[in-house]
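K.L.:
Dropping a prediction and its sequence here:
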Amino acid sequence: MKNMTTKQISQYLEKVDIHAFRRELITWFESEMRDLPWRQDQDPYKVWVSEIMLQQTKVDTVIPYFNRFMEQFPTVHDLAEAEEQQVLKAWEGLGYYSRARNLQNAVQEVVATYGGKVPDNEEQLSSLKGIGPYTKGAILSIAYNQPEPAVDGNVMRVLSRIYFIEEDIAKPKARKTFEAILRELIDPDNPSYFNQGLMELGALVCTPKSPSCLLCPVQAHCEGFKLGRQTELPIKITKKKKNVKRYWALVIENTKGDVLIEKRPDSGLLANLWQFPMMDLSDVDPEFAKQWIQQAYGLSVTVGHKLTDINHVFSHLTWDLEVIRCKTDDSLSLDPDDVCFVSKTHIDDYPFPVSHQKIRQILLNEQS
DNA sequence: TACGCGTGGTC
DNA sequence: TGACCAAGCGT
């Protein structure tokens, strides 16, 4: 209920030799840092794109996406001018797709308002879609070498162990505590390597389970290790079990062998991605599927057999899909920007969520 | 503040 | 195998 006081911050800070900590962390980072594509230079655009992709996403997953993205959109101008569908296609499979749409929106803002130069100050960066406190600090410190904190999950884990901080890091206000500490602890001579070093340490050594304390360059400064209680930290209270939603996913094939796909709504889950029609089984009894399809798409169909079951787990819910094959002799009279029949040779041009990629793959396998 | 928002790897 | 986890942000 009350904020961390200056005095409490001071009590944490007294626990470590700040100058030794900085030196040992940065020396370790210089010798151990991974050779990653976004570390080739300090291009603020590359730093920005990499930080967005890395949100809640592992380095190994990001690398191929980052490389393809930079080939396709080498500068802010290329990304600003691209079709949104093209950007989503480049993001396909990476998840959290609003990151891609917000990134493009922000890049367009940078081109329109700042002449294509990525801002180097808090106010302007913060106003851009998709740039929150962490990403702002990461860009300022890594691209512009400014002494700004960049508090992510790694940093909270590492510092909670170093200082034995028992705050619940799941709570938004915990970030403030770590930022306050970092404003004192960050190395003003090399904020870039300091911040990256802290994150790299969290990724390689000070890992969530079984951290490699014996290899840790700052073990001597770690309260958690001294107490033998490093694995108790950080404290992170989660809960909330997932809902399960059941659907029929419809593979509706016309006489040409093309299949019906539709664009999802422009907000919410998987916004603006494409999918096979989804019939919500909590709304529609399978017995009335034919009528529902007629109503929704204006198509008269024969309902065929089940192709497969797909169980897809999201961060916050689960989909149970029954994939049902249908046939129709009708053609479509709806807006082709939202729903269309597509040939199996062109279906791959559309961005699909992973759950529906599985259906797409089944159809493509049938082809060959 | 709490929750919605993806995916793949790990144990 | 299901729960947990990973370089967060928008609302």
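P.N.:
That came in fine, so what should we check first? These figures come from a predicted structure and were not determined experimentally.
K.L.:
okay, and for chain A, where does confidence drop off?
P.N.:
A:1-5, A:7, A:11-15 (pLDDT under 70).
K.L.:
which bits of it sit near DNA strand B?
P.N.:
By Cβ under 7 Å from any atom of the strand, the residues of chain A that approach DNA strand B are A:56-58, A:60-61, A:93-98, A:171-173, A:209, A:240, A:268-271, A:312-317, A:353-355. Every residue, glycine included, has its C-beta placed from N, CA and C.
K.L.:
mind listing which of these are in strands?
P.N.:
The members of the residues of chain A next to DNA strand B that map onto strands under DSSP state E are A:312-313, A:317.
K.L.:
what residues does chain A put near DNA strand C?
P.N.:
Contact residues, chain A versus DNA strand C (Cβ under 7 Å from any atom of the strand): A:34, A:36, A:50-51, A:54-59, A:96, A:98, A:102, A:128-136, A:138, A:152-154, A:157, A:196, A:199-200, A:202-203, A:208, A:236, A:238, A:241, A:313, A:315.
K.L.:
Write a ChimeraX command that selects only the buried members of the residues you listed.
P.N.:
Command for ChimeraX, covering only those of these found buried under the criterion 16 or more other Cβ atoms under 10 Å:
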select /A:50,51,54,55,98,102,128,130,131,133,134,135,136,138,152,153,154,157,196,199,200,202,203,236
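K.L.:
Now, the residues of chain A next to DNA strand C that are in helices?
P.N.:
Mapping these onto helices (DSSP state H) picks out A:50-51, A:54, A:59, A:98, A:102, A:133-136, A:138, A:153-154, A:157, A:196, A:199-200, A:202-203.
K.L.:
wait, isn't A:Gln196 in contact with A:Met33?
P.N.:
Yes: with contact defined as Cβ atoms under 8 Å, A:Gln196 reaches A:Met33; the gap is 7.0 Å.
K.L.:
For stretch A:99-109, buried residues please.
P.N.:
For stretch A:99-109, burial by neighbour count (16+ other Cβ under 10 Å) applies to A:99-109.
K.L.:
er, stretch A:221-240 actually
P.N.:
Neighbour-count burial for stretch A:221-240, counted by 16+ other Cβ under 10 Å, picks out A:221-225, A:230, A:233-234, A:236.
K.L.:
how about the closest residue in space to A:Asp349 that isn't next to it in sequence, secondary structure?
P.N.:
Distances taken as Cβ to Cβ, 6 or more residues apart in numbering place A:Lys89 nearest to A:Asp349, at 7.4 Å, with adjacent residues excluded. Under DSSP: H, G, I helix; E, B strand; the rest coil, A:Lys89 falls in the helix class.
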